[in-house]
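K.L.:
make a model of this:
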Amino acid sequence: MHNITKIICVSFSLALSGCYSIGSQRLGKDQDEYSISIIESNKRQTLQNLVRLRYADTPGLLDTTQLISGYQFQQSAFLGVASDTFPIRPNGGIAAQLQQNPTFTFQPVTGDAYAHSFLRPLPPASLLPLAMGGLPIDILLQLSAQSINSMSNNRPFSKNSGDMDSNTNYNTEEFFELIHDLRLLQASGLLGIQLQQSPEIKGKTFETSHVFLSIYPTSNPNLAKITEITKKLLNFSPKYKRMEVVYGVGNPKPGEINILSRSMLSILGQVAYQINIPADELLSGGTQRNQEESFVNSENSIINVKYGKSHPNNSFVSIMYDNYYYWIDKKDFKSKLAFTITQMLLELSKTTQPSSAIVTIPVNK
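P.N.:
Purely as a prediction, here's the structure:
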C-alpha cells in the first residue's frame, strides 16, 4: 500500500507541474496565430472594399480594437481507502480540464472617425517620409497624388469637372515620366527627403510638419540627364538647394512643390476603377464598363485584380463577391507591393476618435 500511495502521489505531482507551463508555451504561438489572422482579415477587408466600390457598393471598416485570449485550467485529485474490502486497497483519481475563451472586440468606423479616415486628404508631410523609409516613391505617388504641380494623375474615367483648375495639364504622360525618374533617383541615392518639425507656441501656433525634397548632383552622365529632366518637370529653381512640398494644385510658389494628395476614399476609388469585371456582370447592369478600358490591367494599372468562378489556389488575398472570386496573384509582385502600400496608407489615415458602437464577440471552446 505504501508503494501504491507513492505512485499516486508522484503522478499527481507531475500533473500539477505540467499546468504551470501553459502560459509560456501558448504565448508565442497565440501571438503569431492571432497576428497573422488579423493581418489576413485586414487584407480581405481592403480587397472587399475595392470590389464593392467597383460595383458602386458601400465601403466600410470594422477595426479589431481588442483581443483577449484567456485560459482556465482546472484540476482535481482524490485518494481514499476502501474499508469494506479485504484486503484493504487504496483508490484515487486525477482529473484536469483546459478551457480557452478568446474574446474579440470590433469597432465600426463611423462618424468623425469615418470622415477622418476616408475623406481627409493625406498630408504630404505624412506621405513622403514613407519614401524616405524605403517605399518606392513612384508607386506611392501613383496611389496617393492627384497631381504634382500642373501634372495630373487624374484618369479620364474618374474625372469630374472642377477637380483641377483651368491651368492643369490633363496629359498624364509627364506625371508618369516624373514619378519614374524620381524612382530612379531614389534608387541611386540622389533623392533626399527631409522632415522638419516646428514646435507648438502655446496660445499662438500649433505644432506643424514640413517636408522638403532635394536632388543631389552626380557625375554619372545618364543620371545627370535624369536629374536635369526631373528638376525641369518640378520647376526646381537653382536658387534653392531643397524645395518644400506643400498641399496644393497648379503652378507653385517659388521654392515650393505642389502635391494635391488624395483622400483614402479617392485612393481606393482610383484602384477600384481599374478592376476588370466579368462580361456578364457588365451586361446585367451591376456595374459599368470603364471609359478608358485600355488602362485596365495595362502597364500603368497599379493593382491587377483577377476574377473567376472557382477558388484561386495561389492567391495573395482573395474574396468572394456576387458569385465571383476576386484575387491578387501571389506571383504578381508589383500588385502585391502596391496593395501593401495601400494597406499602409489606410493605417496612416486612421485616427483615435471617441468610440461609437462596439461589438464584442466571446468565443467558447
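K.L.:
quick one: the strands in the stretch 101-250 of the chain, in order.
P.N.:
Listed in chain order, the strands of the stretch 101-250 of the chain (DSSP state E, counting those that start in this stretch) span 145-148, 151-152, 191-198, 208-215, 243-247.
K.L.:
tell me the helices and strands packed up against the first one.
P.N.:
Okay, so that is strand 145-148. Using 3 or more C-beta pairs under 8 Å, 6 or more residues apart in numbering; DSSP states H and E as the contact test, the elements touching strand 145-148 are helix 173-187, strand 256-261. Placement of C-beta: from N, CA and C, glycine included.
K.L.:
what segments of the stretch 1-150 of the chain are helices?
P.N.:
For the stretch 1-150 of the chain, helices defined by DSSP state H, counting those that start in this stretch occupy the ranges 2-19, 22-54, 111-114, 124-132, 137-144.
K.L.:
how many residues are close by D280?
P.N.:
D280: 10 surrounding residues under other C-beta atoms under 10 Å.
K.L.:
next one: it from L346, what distance?
P.N.:
31 Å (C-beta to C-beta, to the nearest Å).
K.L.:
contacting residues around G60?
P.N.:
By C-beta atoms under 8 Å, 6 or more residues apart in numbering, the contact list for G60 reads 49, 108-109.
K.L.:
quick one, phi psi at it?
P.N.:
When read as degrees, to the nearest 10, the backbone of G60 gives phi -160, psi 160.
K.L.:
now it: how far from D322?
P.N.:
Relative to D322, G60 is positioned 17 Å away (C-beta to C-beta).
K.L.:
same question, D280
P.N.:
Per C-beta to C-beta, D280 is found 10 Å from D322.
K.L.:
pLDDT weak spots in the stretch 201-350 of the chain?
P.N.:
In the predicted model, the stretch 201-350 of the chain carries pLDDT under 70 at residues 201-207, 290-300.
K.L.:
just the helices in it please.
P.N.:
So, for the stretch 201-350 of the chain - with DSSP H, counting those that start in this stretch - the helices run 221-233, 264-273, 279-283, 333-349.
K.L.:
run through who's touching the second one.
P.N.:
What it means is helix 264-273. 46, 49-51, 53-54, 59, 117-119, 121-122, 143-144, 146, 155, 157-158, 262, 290, 302-303, 338, 342, 345-346, 349.
K.L.:
what's the burial count for the residue lying closest to L62 once chain neighbours are set aside?
P.N.:
Nearest non-adjacent residue to L62, counting by C-beta to C-beta, 6 or more residues apart in numbering: F106, 5.1 Å away. Residues lying near F106 (other C-beta under 10 Å) number 15.
K.L.:
and for E347?
P.N.:
E347: 10 neighbours (other C-beta under 10 Å).
K.L.:
tell me how far it lies from M264.
P.N.:
For E347, the distance to M264 (C-beta to C-beta) stands at 10 Å.
K.L.:
quick check: bridge partners of S76?
P.N.:
With DSSP bridges as the criterion, S76 is bridged to A95.
K.L.:
and it, what does it touch?
P.N.:
Going by C-beta under 8 Å, 6+ apart, S76 touches 94-96.
K.L.:
and the least confident of those?
P.N.:
Taking pLDDT as the measure, the contacts of S76 have their low point at A96 (70).
K.L.:
okay, the residue lying closest to it once chain neighbours are set aside: pLDDT?
P.N.:
What sits nearest to A96 in space, not counting adjacent residues and going by C-beta to C-beta, 6+ apart, is Q75, at 4.4 Å. Looking at Q75, its pLDDT is 70.
K.L.:
one more: the one 4 residues further on?
P.N.:
For L79, the pLDDT comes out at 67.
K.L.:
what's the answer for the one 10 residues further on, then?
P.N.:
Reading off the per-residue confidence, R89 sits at a pLDDT of 68.
K.L.:
and if you look at T103?
P.N.:
75.
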